[in-house]
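A.B. asks: Here is my input; please provide its structure:
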Amino acid sequence: MAAGKISGLAIGLMSGTSLDGVDVALIETDGTRILGLGPVGYRPYSDDERALLRLALADGAGLSDRTARPGVLAQAEDFVTRVHAETVEAFFETEHIDRANIAVVGFHGQTVLHRPEAKLTVQIGDGAALAARLGLAVAYDFRAADIAAGGQGAPLVPIFHQAMARDLDRPHPIAVLNVGGVANVTFVNGGDPVACDTGPGNALIDDFMRARTGAPLDRDGDEAARGKVDEAFIVGVLAHAFFERPCPKS
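C.D. replies: Below you'll find the predicted structure:
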């Protein structure tokens, strides 16, 4: 991707439910198609930072007002905003990117509560403060707008998967499985994409590893590779009512 191009360059930021760190990526797009994928970066969270975010999750569990910031939520929101700004600034320096060439920054924030059935979702992170620090346009609070429109609060992943699948030289339909903290799937077959969560992803594995070994994750799946599938347990899990519900669901 040519660094000198101005139109269509966007920065994407993500801090997911696995609480591992902040991902940053550069993309060139016309809003419909992916014209080019640029460099990517990553800023891991320290143990203390993950501990703060886990406290924020606990304090966020009882929220009924998505603007309230009880407990450590205000401190965690300041941290999330600051660390995302620092990640972008370091990314610009490392990749020699002129911020004047960036049209928009996409800021997801850190989810601390997600209950689409109650029309409630909360992501901490101050988009206006991030925009002021970076001197760039920042798009944020995607989930709330999607839920207000009747969605499940995850509007961007299916659109991205659809854009990626559109230019793949292979027959359709195409299903894209994304295993993050929670796993989700997108089905692409020419029209609007169909997408939903499929169930737990890395978050439960990370919690298990932390509880049993102290490690933050099962690196390269080494521990999982030593085990065997508990078929009876899987049958029991798949009997959960979630798997019988039609899309969309989360």
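
A.B. asks: how near is residue 93 to residue 102?
C.D. replies: Note on residue 93: its distance to residue 102, by C-beta to C-beta, to the nearest Å, is 14 Å. C-beta: built from backbone N, CA, C; applies to glycine.

A.B. asks: Kindly report the same for residue 27.
C.D. replies: Counting by C-beta to C-beta, the gap from residue 27 to residue 102 is 11 Å.

A.B. asks: what does residue 41 give?
C.D. replies: In terms of C-beta to C-beta, residue 41 sits 14 Å off from residue 102.

A.B. asks: ok now do residue 204, which residues does it touch?
C.D. replies: Listed by C-beta atoms under 8 Å, 6 or more residues apart in numbering, residue 204 has no contact partners.

A.B. asks: ok, then the element right after the one helix or strand it maps to?
C.D. replies: Residue 204 belongs to helix 202-213 when elements are defined using DSSP states H and E. Proceeding N to C from helix 202-213, the next assigned helix or strand is helix 222-225, under DSSP H and E.

A.B. asks: after that following helix, next one along is what?
C.D. replies: Next in sequence after helix 222-225, counting helices and strands by DSSP H and E, comes helix 231-238.

A.B. asks: Can you show me the CA trace of that next one as PDB?
C.D. replies: Output of helix 231-238 as PDB, limited to C-alpha atoms (Å, rounded to 0.1, in the frame of the first residue of the first chain):
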ATOM      1  CA  GLU A 231     -17.600 -36.300  23.500                       C
ATOM      2  CA  ALA A 232     -20.200 -36.500  26.300                       C
ATOM      3  CA  PHE A 233     -19.400 -33.000  27.500                       C
ATOM      4  CA  ILE A 234     -19.700 -31.700  24.000                       C
ATOM      5  CA  VAL A 235     -23.100 -33.300  23.500                       C
ATOM      6  CA  GLY A 236     -24.300 -31.700  26.800                       C
ATOM      7  CA  VAL A 237     -23.000 -28.200  25.700                       C
ATOM      8  CA  LEU A 238     -24.700 -28.500  22.300                       C
END
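
A.B. asks: tell me which residues in that helix are buried?
C.D. replies: Neighbour counts over helix 231-238 (16 or more other C-beta atoms under 10 Å) mark no residue as buried.

A.B. asks: Quick check: the gap between residue 183 and residue 197.
C.D. replies: 7 Å.

A.B. asks: Who has more neighbours out of these two?
C.D. replies: residue 197 (18 against 15; other C-beta atoms under 10 Å).

A.B. asks: still on that earlier bit, between residue 93 and residue 102, tell me which one has more neighbours.
C.D. replies: Taking neighbours as other C-beta under 10 Å, residue 93 and residue 102 compare with residue 102 leading, 19 against 9.

A.B. asks: Just the pLDDT at the more buried one, thanks.
C.D. replies: Here, the pLDDT recorded for residue 102 equals 95.

A.B. asks: How far away from the center of its chain is the longest helix seen in the chain?
C.D. replies: Assignment by DSSP state H gives helix 73-95 as the longest helix of the chain. Put simply, helix 73-95 sits 15 Å off its chain's centre (C-alpha atoms, centre = their mean, to the nearest Å).
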